[in-house]
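In: Sharing a model that was predicted from the sequence below.
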Amino acid sequence: MNALPDKIDAGTAVVCRDATVTYPGGVCALDRINLSVRQGERLAFVGPSGCGKTTLLRVIAGLQPLTSGVCQRSNKYQRSNESEQQNFEGTPKNSDDGKVGRQPAVNRRSVATSFVFQQPALLPWTNVLKNVALPLTLGRRRERASAKDLRERALAAIKEVQLTEAATRYPHQLSGGMKMRASIARALVTRPEFLLLDEPFAALDDMLRNQLGRLYLKLWGHHRFTSILVTHNIAEAIQLSERICVMHRGSIVSEIPNPLSTSKPHKDLRRTNEFAEFFGKVSDALENAASSNSERAFS
Ligand SMILES: Nc1ncnc2c1ncn2[C@@H]1O[C@H](COP(=O)(O)OP(=O)(O)OP(=O)(O)O)[C@@H](O)[C@H]1O
């Protein structure tokens, strides 16, 4: 294993070196991943089901222990055989199925990272305001903030996602898009350094997906968090990311800078020739990875 440097370079948010995860039972979900993410970068992982996207997201979040290799995250380290670094207070080391299916506990380490999942996972017994305030409430003692201060911060986050009028509504009184807005507000209320999104808009129709994509870009423009988006949707990756990592069978097979990246995409971007051309390039990278693998399997 490479020696771990004392500190990560200025401007770098994450570095993975030969990061490998083999699950109990022998599935190699990540195979010597080498990746560097700049602070404030918007990155996307695309690839077929089971290629290791969620596992890599969990590694970057510090939720998934490595079998070997290193994942270094601005001043936080995770390396294989260093279990102390990998167990998050209040967070199960391995969830039942090993997938990210629940919000990580909010604690000293994870407060710098927030997740947004496909399922908004709002607490059904309380309103939007209290759901959004939850990470602050859990960290209240640490933050030494007054209840009034927490409420104001939660209301500010709710305003940013344009949900002020629904602040006192309960989750069952919200549409799918509104639930997702609440989930994004809850993720951003702690002003995280990292926002990790695991297929956040996959369950929504195209129009909502586009609206929320624009909202996400606006929020990124304000807060400049480092963001990693897992998606199956190439068009979404192009619209929301500055760089696209194509994954296949536990490896990053291609890293493609996005020439169309902008934090203010025009609504006709998808209809342009440049979009079609870049879409083709990403699709080709995915197809090439799949065909070279099947050739290997048959050779
Ligand atoms: N806890 C686990 N135990 C054993 N194998 C697992 C576990 N979690 C994931 N895997 C396997 O690891 C591989 C990568 O899974 P992962 O969820 O990271 O892929 P993914 O690209 O995010 O897939 P999807 O797009 O379907 O969510 C898959 O083969 C999966 O079955």
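Out: Sure, I can see it.
In: Just give me the neighbour total for the nearest residue to Leu122 once chain neighbours are set aside.
Out: Of all residues not flanking Leu122 in the chain, Pro171 sits nearest, at 4.2 Å (C-beta to C-beta, 6 or more residues apart in numbering). Yep, even glycine has a C-beta here, placed from its N, CA and C like the rest. Look at Pro171: counted by other C-beta atoms under 10 Å, it has 19 neighbours.
In: My guess is Pro171 contacts Arg181. True?
Out: No. Contact criterion C-beta atoms under 8 Å: Pro171 and Arg181 do not qualify, at 11.7 Å.
In: Name the residues contacting each of those two.
Out: With contacts defined as C-beta atoms under 8 Å, 6 or more residues apart in numbering, no residue is shared by Pro171 and Arg181.
In: before we move on, the earlier item: need the contact list for the residue nearest to Leu122.
Out: Pro171 touches Pro120, Leu122, Leu123, Pro124, Val128, Asn131, Lys179, Ala182, counting by C-beta under 8 Å, 6+ apart.
In: out of these, which one sits closest to the ligand?
Out: The shortest gap between the ligand and any of the contacts of Pro171 belongs to Pro120, at 17.4 Å (C-beta to the nearest ligand atom).
In: That closest one: what secondary structure?
Out: At Pro120 the chain is in coil, as set by DSSP: H, G, I helix; E, B strand; the rest coil.
In: And this structure, what are its domain boundaries?
Out: 1-75+193-293, 123-191 (the TED database).
In: Quick check: mean pLDDT of the shortest one?
Out: In other words, domain 123-191. Domain 123-191 comes out with an average pLDDT of 91.
In: longest helix anywhere in this protein?
Out: helix 273-298 (DSSP state H).
In: how far away is the residue nearest to the spatial centre of the chain from Thr54?
Out: With distances taken as C-alpha atoms, centre = their mean, Leu196 lies nearest the centre of the chain, 1.7 Å away. Distance, Leu196 to Thr54, using C-beta to C-beta, to the nearest Å: 10 Å.
In: pretty sure Val246 is touching Gly47, no?
Out: Yes. Shown here, Val246 and Gly47 form a contact pair, counting by C-beta under 8 Å, at 6.0 Å.
In: Identify the contacts common to those two.
Out: Counting by C-beta under 8 Å, 6+ apart, the residues touching both Val246 and Gly47 are Leu286, Ala289.
In: now the domains of the chain in a markdown table, with distance to Phe115?
Out: Shown next, in a markdown table, are the domains of the chain (distance: least, C-beta to C-beta, whole Å):
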| stretch | distance to Phe115 |
| --- | --- |
| domain 1-75+193-293 | 5 |
| domain 123-191 | 7 |
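In: I'd like to know which of these is closest to the ligand.
Out: Per C-beta to the nearest ligand atom, nearest to the ligand of the domains of the chain: domain 1-75+193-293, 3.2 Å.
In: I'd say Ala167 and Thr126 touch.
Out: No. With contact defined as C-beta under 8 Å, Ala167 does not reach Thr126; the gap is 11.7 Å.
In: who has more neighbours, these two?
Out: Ala167 (19 against 13).
In: How about that one, nearest residue that isn't a chain neighbour?
Out: Leu129 (4.6 Å).
In: Can you tell me the SS state at the one you found?
Out: Going by three-state DSSP: Leu129 is helix.
In: check contacts around it.
Out: Leu129 touches Arg151, Ala154, Leu155, Ile158, Ala167, Thr168, counting by C-beta under 8 Å, 6+ apart.
In: Swap in 10 Å and give it another go.
Out: 151, 154-155, 157-158, 163-164, 166-169, 182, 185 (C-beta atoms under 10 Å, 6 or more residues apart in numbering).
In: picking up where we left off before, out of the domains of the chain, which is closest to Ala112?
Out: Minimum separation from Ala112 across those (C-beta to C-beta) falls at domain 1-75+193-293, 4.3 Å.
In: Quick one: distance of the closest one to the chain centre.
Out: 8 Å (C-alpha atoms, centre = their mean, to the nearest Å).
In: tally of neighbours for Thr137?
Out: Using other C-beta under 10 Å: Thr137 sits among 17 other residues.
In: does it sit in a helix or strand, and which one?
Out: helix 128-138 (DSSP states H and E).
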